[in-house]
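# mind looking at a prediction? Sequence and model below.
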Amino acid sequence: MSAGSATYPTESRPAPVRREPVIPNGVLGMLIFIFTEVMFFSGLISAHAIVKAQQAGVMWPPYGQPRLPAQETALNSLALLVSGVVLVLTWFAFRREQNSARIPLLLSILLGCIFVGFQGVEWVALLAEGLTMQSSAYGGFFYLIVGSHALHAVGALAALIWAFTRLDREELTAHQLATVSAFWYFVVLVWPILYWKVYL
Amino acid sequence: MADTAVDVHHDHHGHDDHHHGPTGILKYIWSTDHKIIAMQYLFTGMLMAIIGGYMAYVFRMQLAFPGISVPGFGQVSPGEYNALITNHGSIMIFWVAMPVLIAAFGNYLIPLMIGADDMVFPRINRLSFQVFFLSVIVLMASLFVEGGGFGGAWTSYPPLSAVAEYNQTNLGSSLWLIAVALEFVAFLLGGINFITTLMNSRAPGMKAYDIPLVAWMIVIASILFMLSVGPLVAGAVMLLFDQTLGTGFYDPARGGDPILWQHLFWFFGHPEVYVVLLPAIGITVDVIATFARKKIFGYKMVLYTAVATGVLSFFVWAHHQFIAGIDPRMANVFTVTTLLISVPIAEMCFVIIATLYGGSIRLTTPMLWALAFMAEFLIGGVTGIFLGASGADIYFHDTYFVLAHFHYTFFPIAIIGSFCAFTYWFPKMFGRMMNDTLGKIHFWGTIIPFNFIFIPLFVLGMGGQHRRIYNFQHFPELATPEMFQLRQIATISLLIMIAFQLVFFYNMITSWIRGEKAGKNPWQANTLEWTTESPPPHGNWPLDRMPVVYRGPYEYGHPDREEDYWPQDEPA
C-alpha cells in the first residue's frame, strides 16, 4: 500500500450532529421547480426573439394584424405587481400573528384574479379583431407565451386559495405559505419580462 | 427530518414497525417506499429494453437481408421501418437509460447511501412513477393507431414531424410527442425529489465530500435535466400546436422557422447525453473503488469535473447542426467547446485508471462490467472527436459513423452501466448473490458481439452509408457484396448478443429464488446501504439505529486497520 499511503489524511472530526436544513424541503423543491420554469419561459422568449429577428425587414406585427393593447395591459400588470407586494405583507402579518394574514392574503388572491380575468377579456377582444394562433407567427407566439403565463397564474392562484382555506382552519404552516408564495412571486416577477418582450 | 417523511412514519409504521399502508398486491403498486418505486422503474425499464431490443432485431434483419419476412414480425414496410427506428431510439434513451440509471438507481440508492428513511416527498415520488407509466402506455398506444407509429426519427425535426401530409402518421406523431412530454414530467418530479433529498436528509455527520459519488452524479444529472428540459418543453408545445391546431411556429411560409426546433431540441438533447452519462460514471467509480480495494484517486476531481462537464454541456448543442445551415463562424465556436468537453471526461478516465493502479483488484462480474464501461466508452469518446470537428463532420454527418459513435457511448451508458449497477446492488435489492459464472458468461456474451455489431458500422459509415435508408439495394454504390457482408456480420452479432441475454434473465430469476444468501455486506464495501439488512426493511433502518457518518465513502486499505475496508458509520 506504499503507492497510496500519502493519500490518507488523519483528520479528527467533531462528533456528528443532526443539522436543520438551510432551506426547508417544500421551499427548496419549489425553488428547483421554479428554475425549470425559468428555463421554460427562456425557451419561449428566445424562440419568439429569433422569429421576430428574422422578420426584421418585414413588418412586425405583420400587415393586417391588430396591435396589442399595451397601455391597458400596463395598467392590468400593476394589479399583478400590487398583488405580489400584498403577498409580501401577508408573510410579515403571518409571522406576527397568523389570523391577521387573512385579509392581505385574500386581497392578494383577488388582485390576481382581476389580472387573469382582465387578460381573458383582452383575449376575447383580440380574437374578435382577427388575431388568432393560426393567423400569424405573431399571434401564435402571443397566445402561447401569454397563455403559458396565464396557466401558471391560475395554478398559483389555486395554490393560494388552498393556502387560504388552510389558514381559515388555522392549519397553515409557515413552510407551506413560503412554498406557495414562492410560486406566486415567480408568476409576478416573470410577467414584466414577458410584457416587455411581447407587448413592447 | 422532512415534514412529509415524518408524516409517512406516523402513517405507516407508528406501531412497532408494522406497515399499515395498502396490503397485498396493492402494496407494490400503490407504495410510497423509495425501494418499491425503484423496482417499478427498474422492471418497467427492463421491459422497455426488451421492446427496444426487439425493434433493433427487426430493422437489423431488414437491413442485412432486405425484403425477407422477419421471424416474429413479417415483412417490414418502409413506414414500419421508420416507426421502428424512431421508437427504438426514443425508447432506449427516454424509457430505458433514464428510468433505469436515474430513476431506478437514484430512487434506490440516494436515501440508502445518505442514511435517510425515504425520499423527502414520497407521494410526489409515487406520482412520478405513475406519470411515467402513463407515458409508457401512451407510447405503446402510438404504435397501434391508424397510420402506425411516428417515423420521423427521435429528433423529430419539422416540417417532417409537424405536417401530417409529410409523415403520414397524424395521430402517431402527436401521441409520441405527448408520451415524451409525460416522461419529462415524471423525471421533473423525480429530479426535484433527488436534489432536495440529497441536500436536506443526509445522516448526521455526512458532509458534502462524504456523499458517495454515484449519489452526487445522479443529483448533478438531475440538475442538468431540470435546467435543460424547459426549452424543449416549450418547443414540444409549439410542435404539438403545429400538429394539432394548425399554427405555423416551424413553417417558414407563415413566418416560422424550422431550425428553431433543432436549437430547442439540442439545447436539451446534448445535456441529456451527460444526464445519462454521469450516473453511469458514478456507478463505475463506486464499483471500481470497491473492487480495487483502494480509495478513489481524486474524489474532488471527479466531482468538479462532473460539474464542469455539466456547465460545458450547455454550450455544445449546435455541433448537431453543422450542416443545417448555421453560420460557419458559429460552427467554429461550437467545435472548440465540443472538443473542450472531452477534457473533463478524460480526467475522470485518468482518475479511474489511477485508482486501479496498485489496487488489489477483484475481478467479479460487476467489476468486469465497470472495466468494460471504461474501455468501450473510450472508443465512443475518441470517435466523437471526428464528429465534433466541423470540417470532418460535413463528411460524416448522418452516416453510420455517427450511429456507431453514439452507440459506443450509449450502449456502455445504458446497458453496460445498468448491468454493472444491477449485478453490484443485486445482493442488496434481493438479499441473494447472483451466480458469478453465469454472470461472466453473460458478460463476455454481451461485450464481444457488441463490438462485432458496431465496428463494421464504423467501416460502413466511412464508406458513405447513410442513416435512415430502408433498403440499400436501391442504391447501387451502397449495395456491393462487401457492404452487405459487413451488415450481415453486424446483424448476426446482434442475434448472438440477444441470445446471451437469456443467460442474464435465467441467472436473475434463479438467483432471486435460490441464490446464496448475501448478508449485509457481501462486497465488504463502505457506503451506508451496506450497513442495513438485505433487502432493507421499510424505513431502511430501525428508527432508533439510524446511521451516523464518521468518514468518507472510499476508505479502503487503510494501513492502520486489519480489515481492508472501513464503513462510513463505524466510530473511529
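Received it, and whenever you're ready, just let me know what you need.
# in the helix or strand hosting residue B:382, what counts as buried?
Element membership for residue B:382 (DSSP states H and E) is helix B:365-388. Using 16 or more other C-beta atoms under 10 Å in any protein chain shown as the test for burial, helix B:365-388 gives B:365-374, B:376-377, B:379-381, B:383-384, B:386-388. Just so you know, the C-beta spots here come from the backbone N, C-alpha and C atoms, and that holds for glycine as well.
# with stretch B:301-313 instead?
Per 16+ other C-beta under 10 Å, stretch B:301-313 contains these buried residues: B:301-303, B:305-306, B:308-310, B:312-313.
# any regions of the chain where pLDDT drops low?
In the absence of a named chain, chain A is used. Applying pLDDT under 70 to chain A flags the ranges A:1-11, A:56-58.
# other chain: chain B
For chain B (pLDDT under 70), the answer is B:1-22.
# gap between the two ends of stretch B:332-350?
Length of stretch B:332-350, first residue to last, C-alpha to C-alpha, to the nearest Å: 28 Å.
# any chance you could map the helices in chain A?
A:25-54, A:70-96, A:102-128, A:137-168, A:174-198 (DSSP state H).
# any idea how far chain A is from residue B:96?
Distance of residue B:96 to chain A, computed by C-beta to the nearest C-beta, to the nearest Å: 23 Å.
# close to chain A, is the strand or helix carrying residue B:280?
Residue B:280 is located in helix B:258-292, with elements delineated by DSSP H and E. Yes - counting by C-beta under 8 Å from any C-beta of the partner chain, contacts between helix B:258-292 and chain A involve B:260, B:263-264, B:267.
# ramachandran angles for the residue nearest to residue B:121 when sequence neighbours are not counted?
Distances taken as C-beta to C-beta, 6 or more residues apart in numbering or on different chains place residue B:193 nearest to residue B:121, at 5.2 Å, with adjacent residues excluded. Listed backbone geometry of residue B:193 is phi -60, psi -50, with angles given as degrees, to the nearest 10.
# isn't residue B:193 up against residue B:128?
Yes - here residue B:193 lies in contact with residue B:128, judged by C-beta atoms under 8 Å, at a distance of 7.1 Å.
# between these two, which has more neighbouring residues?
More crowded of residue B:193 and residue B:128, by other C-beta atoms under 10 Å in any protein chain shown: residue B:193, with 30 against 25.
# list the contacts of the more buried one.
Applying C-beta atoms under 8 Å, 6 or more residues apart in numbering or on different chains, we find residue B:193 in contact with A:29, B:119-121, B:124-125, B:128.
# from memory residue B:151 sits against residue B:167, does it?
Yes - counting by C-beta under 8 Å, residue B:167 is a contact partner of residue B:151 at 6.4 Å.
# columns distance to residue B:404 and secondary structure on top of the buried residues of stretch B:301-313, output as TSV?
What follows is the buried residues of stretch B:301-313, written out as TSV (distance: C-beta to C-beta, whole Å; DSSP: H, G, I helix; E, B strand; the rest coil):
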residue	distance to residue B:404	secondary structure
B:301	30	helix
B:302	28	helix
B:303	31	helix
B:305	26	helix
B:306	26	helix
B:308	27	helix
B:309	23	helix
B:310	26	helix
B:312	24	helix
B:313	22	helix
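# tabulate these (JSON lines), appending distance to chain A.
As requested, the buried residues of stretch B:301-313 are arranged in JSON lines below (distance: C-beta to the nearest C-beta, whole Å):
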{"residue": "B:301", "distance to chain A": "12"}
{"residue": "B:302", "distance to chain A": "14"}
{"residue": "B:303", "distance to chain A": "16"}
{"residue": "B:305", "distance to chain A": "18"}
{"residue": "B:306", "distance to chain A": "18"}
{"residue": "B:308", "distance to chain A": "20"}
{"residue": "B:309", "distance to chain A": "19"}
{"residue": "B:310", "distance to chain A": "14"}
{"residue": "B:312", "distance to chain A": "17"}
{"residue": "B:313", "distance to chain A": "14"}
